[in-house]
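Participant: Fold the stuff below for me.
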Amino acid sequence: MRYFTTDTHFGHPLVTVLRGFTTFDPSRSTYEEILHTYGRKAAEDWAKKTALDSGLTFREAADTDAHDRAVIDAINAQVRPDDELWILGDIGFRTSLNHFKDCLRALNCRHLHGVIGNHDDWWLEDKPARNLFETLEPNDAVDIDGLGTVNLSHFPYREDLAYSWPDDVAKFSAKALPFDGRMLLYGHTHQLSPDGARPEALNVGLDAWSLQPVSESQVIAWFREHATARDMGRANAAGTPSLDMPTF
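Facilitator: Below you'll find the predicted structure:
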């Protein structure tokens, strides 16, 4: 089985806080209550505001060890040693190389593949870190039964960058793939829904999947459910869904 995920952000204080792993709510009870009552955006806003109102830096407010354990445990609960795991960028940030490599080594998977995200440049020159991956490319593709060749990128399609962060068009147009009619698995936006800006695009980021990796069978099922919209080419005519992204 192949699994896909992205934006693991090992060691990253801000993302850790937005995902509810904080020193001021160590049991995550308040975060979880807001999450289940009002949704993830409200929970993220509460966590960020509480940190700022308390006068804490995000590094002081974040329990990055708890966050990283939760991500690793969620992956290891599904991915077996002989499976493939694809991490589509922003694998770790604002942490040490040793911690970054420890997190990757803790993943119970011998076939680790990576795509490079905008927060990954800092570790790419470290050969031991690169060697933890069987493949590591700016963009990639896999063949999936019933879907054909599926593109893999950290970013949405180039034509859809305007629907993510405000300055993404200027920053990442050269790195994002142009739309070529193929289906795409991507991340980067930290959106809270798997729905992309077009029915050919599926967000496999942790924030859209309750911190869980996405299996190949889930990918197939999602694209089959969206086949009508894709075949009729209604993405642009129907408008773009709200990505409901957090404010970083």
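Participant: make it CA atoms for all contacts and neighbour counts henceforth
Facilitator: Noted.
Participant: Please, where are all the strands along the protein?
Facilitator: Using DSSP state E, the strands of the chain run over residues 2-5, 84-87, 111-115, 135-137, 140-144, 148-152, 183-186, 201-203, 214-215.
Participant: got TSV for these, with distance to residue 33, mean pLDDT and mean neighbour count too?
Facilitator: Formatted as TSV, the strands of the chain follow (distance: least, C-alpha to C-alpha, whole Å; pLDDT from 0 to 100; neighbours: other C-alpha atoms under 10 Å):
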stretch	distance to residue 33	mean pLDDT	mean neighbour count
strand 2-5	26	98	24
strand 84-87	29	98	24
strand 111-115	34	97	22
strand 135-137	39	97	16
strand 140-144	38	98	14
strand 148-152	35	98	18
strand 183-186	29	98	26
strand 201-203	25	97	25
strand 214-215	25	98	21
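Participant: Redo the ones you listed as JSON lines? Include distance to residue 67.
Facilitator: Formatted as JSON lines, those follow (distance: least, C-alpha to C-alpha, whole Å):
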{"stretch": "strand 2-5", "distance to residue 67": "16"}
{"stretch": "strand 84-87", "distance to residue 67": "17"}
{"stretch": "strand 111-115", "distance to residue 67": "20"}
{"stretch": "strand 135-137", "distance to residue 67": "24"}
{"stretch": "strand 140-144", "distance to residue 67": "28"}
{"stretch": "strand 148-152", "distance to residue 67": "25"}
{"stretch": "strand 183-186", "distance to residue 67": "22"}
{"stretch": "strand 201-203", "distance to residue 67": "21"}
{"stretch": "strand 214-215", "distance to residue 67": "18"}
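Participant: Indicate which one of those strands is closest to residue 15.
Facilitator: Comparing these by their distance to residue 15 (C-alpha to C-alpha), the top pick is strand 2-5, with 15.5 Å.
Participant: List the strands paired with the closest one, with their directions.
Facilitator: strand 84-87 (parallel), strand 214-215 (antiparallel) (DSSP bridges).
Participant: With distance to residue 71 as extra columns, can I get the ones you listed in JSON lines?
Facilitator: Compiled in JSON lines, these are given as follows (distance: least, C-alpha to C-alpha, whole Å):
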{"stretch": "strand 84-87", "distance to residue 71": "12"}
{"stretch": "strand 214-215", "distance to residue 71": "13"}
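Participant: Which one of those strands lies nearest to residue 62?
Facilitator: That would be strand 84-87 among those, by C-alpha to C-alpha, at 22.7 Å.
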